[in-house]
Structures are given as structure tokens and as C-alpha cells.
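K.L.:
Prediction below, plus the sequence it came from.
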Amino acid sequence: MKKKKGKFTTQTAIIMMVLIVAVVGYYCYLVNRSNRSAQENAPTTVENVLLRDLENNYPPTPKEVIRYYNDIIKCFYNEGCSQEELQELARKARGLYDQELLDHNEWDTYIFNLEAEIQDFKNNNRKISNISLASSTDVDEFTQDGFRFAKIRCGYNILQGRESSSTVQVYLLRRDGDGHWKIYGWDLAENLDGGAQPEGED
């Protein structure tokens, strides 16, 4: 009886081990499939930027406005956007613009120039490798002609092949009647040494 019991116990142990391996293997398969599915269904970088609702969730500070604007810029120049995505991103960018800047940049001209700049950027194998935004304490706020303005600096590192270059932009924002900070213009920091005012695109 003891030998038969021992034989039965050994067979049972083997069967249990096989079942455990099978269950663990199937569990791993399900987890991997779930992870792959989650990755496939996760929003892309462009989709994440487009998800922001500027009507109900407008950036609250000058720094946050430029931070979101930079997210749009990175999508323009670093991501492979479809034509539809590019136009949606352009509308998001214009949603951050002051009305005077919009008046000087009609849609047709704006989108034509934007597409040309993006194509030139890609033709020359350029990519934005890093963006350095000034801290909130470095935002220069002032009042002029009855309006509240803010200046903020932002550095951009550009890769072209193996070569790297950097530039610094100074953004000028104006607060509108709803209390939203809107981009009034911008210029290279080096151009402002002589006192020139930041300007937007023509």
C-alpha cells in the first residue's frame, strides 16, 4: 500500500507541476497581451497635446502658456503629423495668440508659412532636442498702455545631424479681458539687446 501511495503521490505532483506551469504561462500571456493592447490604444504625443480643452482648461500663467505652446512646437517639428493633425495643432497654437497677433496672421498665410517652415526643418534633418523654459520667478510682468504684459525667456537646442546649436527666444504675453495670458509676440534674445520689441510672424 505504501508503494502504491508513493507512486500516486509522484504522479499527482508531476500533474500539479504541469498545471502550475500552464497556469503561470497563460497568466503571463494574458498580461503581455494586455500591456500590448494598452500601448497600442494609448494616445500618441500629438493626441495628448490635442486633448487639451483651451475653452475650459486654459493655461493659468505665462509660463504654462509657453510650456503648452512648446508642446505644440515639438509636435510640429519632431512628430510625423498628418495634415489633419497639423491643422488641429495650428488651431491650438492660434488659441494662445493675442487678437492683434491673429489679425496680422490670417489663417491661409499662417498655415502656408508654417508648413513651409516644417518642411524646411525636416529637409535639413533638424530636430528639437531640448527646450529650457525660464522659471516662474524669472517672468517679468509690467503694465503698459493700460494692459498687463509678461516677458519670459525660452532656450531651444536644435540637432542637425551630429551638430547642435542653441537659440533663446523672448516671448511677450498680454493678459486679455478674461484674464488669460495670450502670446503677443516673440523675438530672438540677441535682437532685443538694442531695445527692440518682440514680434510675431508676419
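P.N.:
Okay, I see it. Fair warning: this is a prediction, and the values are worked out from it, not measured in the lab. Numbering: from 1, shown residues only.

K.L.:
which other residues reach the helix or strand containing Glu64?
P.N.:
Assessed by DSSP states H and E, Glu64 sits inside helix 62-78. Helix 62-78 is contacted from outside by 45-46, 49, 52, 59, 81, 85-86, 89, 92-93, 96, 114, 118, 121-122, 126-128, 131, 133-136, 139, 141, 150, 152, 154, 171, 173, 181-183, using CB atoms under 8 Å, 6 or more residues apart in numbering. All C-beta spots, glycine's among them, are computed from the backbone N, C-alpha and C.

K.L.:
starting at the chain centroid, how far to stretch 115-127?
P.N.:
Between the centre of stretch 115-127 and the centre of its chain there are 18 Å (CA atoms, centre = their mean, to the nearest Å).

K.L.:
Stretch 66-85 - what's its average pLDDT?
P.N.:
The predicted model assigns stretch 66-85 a mean pLDDT of 94.

K.L.:
buried stuff in the strand or helix carrying Val170?
P.N.:
Per DSSP H and E, Val170 falls inside strand 163-175. Buried positions in strand 163-175, judged by neighbour count with 16 or more other CB atoms under 10 Å: 169-175.

K.L.:
One more: stretch 92-109?
P.N.:
Residues of stretch 92-109 classed as buried by neighbour count (16+ other CB under 10 Å): 92-98, 101-102, 104-105.

K.L.:
of these, closest to Gly146?
P.N.:
Asp98 (14.5 Å; CB to CB).

K.L.:
Might one say that the closest one is in contact with Tyr171?
P.N.:
No. Asp98 is beyond contact range of Tyr171, at 11.1 Å (criterion: CB atoms under 8 Å).

K.L.:
intersection of neighbour lists for these two?
P.N.:
183, 185.

K.L.:
So which residues of the protein form helices?
P.N.:
Secondary structure of the chain by DSSP state H: the helices cover 2-41, 45-50, 62-78, 83-94, 99-103, 107-123.

K.L.:
Lowest mean pLDDT across those helices, which one is that?
P.N.:
Sorting those by mean pLDDT places helix 2-41 lowest, at a mean of 59.

K.L.:
any idea how far Gly146 is from the most centrally placed residue in the chain?
P.N.:
Centroid-nearest residue in the chain: Asp71, 2.8 Å away (criterion: CA atoms, centre = their mean). For Asp71, the distance to Gly146 equals 31 Å [CB to CB, to the nearest Å].

K.L.:
ok, how many other residues are close to the closest residue to Gln160 other than its chain neighbours?
P.N.:
Nearest in space to Gln160, with sequence neighbours left out and distances taken as CB to CB, 6 or more residues apart in numbering, is Arg126 at 4.9 Å. Number of residues near Arg126 (other CB atoms under 10 Å) recorded here: 17.

K.L.:
My read is that Arg126 contacts Asn157, right?
P.N.:
No. Here Arg126 lies out of contact with Asn157, judged by CB under 8 Å, at a distance of 10.9 Å.

K.L.:
wait, doesn't Thr167 sit right on Arg153?
P.N.:
No. Thr167 lies out of contact with Arg153 (CB under 8 Å); the separation is 11.0 Å.
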